[in-house]
Every structure is written in C-alpha cells, then in structure tokens.
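**Q** fold the stuff below for me.
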Amino acid sequence: MQSVVHSTFFNADLLVGLLFLLMGSFTKVFPPKTRKNIYGYRSFLSTRNEDTWHEANQFATQHSLKIACVLIGIGLVIGFFFRTQSNWYYLFSVGTVIIAVLNLRGETEWYLSQHFEENGERKASHGQTKSFDELSSDEPAHP
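**A** Numbers count the residues shown, from 1 in each chain. As a prediction, this is how the structure comes out:
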C-alpha cells in the first residue's frame, strides 16, 4: 500500500479525473429529475426553473466527461514525467484540478447566461435558441 500511495501515478489528476468520469456517467444514466434531488449542478441560474435545471445538468454532465478525459490524460503524463512527488509534481497535479473545477463552473454558467435571461426565461435570438438537446443531436453540415 505504501508504494501505491507514494507512486507518481497516485496523483490528484487521476483521482479527480476518475471522480469526474464517475459523476458524469452517473448523471448521464440517472439525470436529476427535479431541483429537489440531492445531486445535480446547483447555481443561481441553474435553479431558476425546471428548464434551466435540465439544461444546466445536461451541459455540466457532458462537460464533466470531457474534463475527466483531459484530467486522466494529464495524470498519466505527470505520472510518467515525474520520478518523485516533488513540489512541482504537487503544483502541476493540484493546479490542473483547480483549473478543471473552475472551468466546469465557468463554462456551465457562461452557457446558461448565453441561453437564459436572469429570471430564467429562454433568450430568443434570431427567432429561436436551440436547447442543449437540439444542439447535440444536430447533424454536421456537409459541404
């Protein structure tokens, strides 16, 4: 057990990456139905109404799965690059986790602010704004 804990592959990026993967997979399979659920993405904008709640949780789920892949990749690179758990090792390992968490929060809030008014009403730009479901199901345009 001692060798596992002191291995450079036992780093924050791999552990948090696996946690993001688990969290994203769980919320993808079992999305929070209402704002009264004990889990889900909670913020001022996401809890305005059921539409913002649904949209925020779908976006956060997809984004957390992307972040999980990035963190796991960075964790493996850090594990190969560093021979010992030095100060630089901890800085890179924990620093990227902090950036990833802030990125998830910031990107989700930005997405919500682009698609919803502060009161929770969906913004209308050029007729109709597409929801996250409609955006993710769009087929790519062929030239």
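**Q** please, where are all the helices along the protein?
**A** With helices called from DSSP state H, the chain shows them at 2-5, 12-29, 50-81, 87-115, 132-137.
**Q** I'd like the average pLDDT over the fourth one.
**A** What it means is helix 87-115. If you average the pLDDT over helix 87-115, you get 94.
**Q** which strands or helices does it pack on?
**A** Where contact means 3 or more Cβ pairs under 8 Å, 6 or more residues apart in numbering; DSSP states H and E, helix 87-115 is packed against helix 12-29, helix 50-81. C-beta coordinates here come from the backbone N, C-alpha and C atoms, glycine included.
**Q** ok so, going back, okay, the helices of the chain in a markdown table with mean neighbour count and distance to Tyr41 next?
**A** Converted to a markdown table, the helices of the chain look like this (neighbours: other Cβ atoms under 10 Å; distance: least, Cβ to Cβ, whole Å):
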| stretch | mean neighbour count | distance to Tyr41 |
| --- | --- | --- |
| helix 2-5 | 7 | 32 |
| helix 12-29 | 18 | 8 |
| helix 50-81 | 19 | 4 |
| helix 87-115 | 16 | 6 |
| helix 132-137 | 12 | 12 |
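**Q** where does this protein have low pLDDT?
**A** Under the criterion pLDDT under 70, the flagged ranges of the chain are 1-6, 125-143.
**Q** coming back round to it: relative to Ile38, which of the helices of the chain is closest?
**A** Closest of the helices of the chain to Ile38 is helix 12-29, at 12.1 Å (criterion: Cβ to Cβ).
**Q** that closest one packs against which elements?
**A** Using 3+ Cβ pairs under 8 Å, 6+ apart, the elements in contact with helix 12-29 are helix 50-81, helix 87-115.
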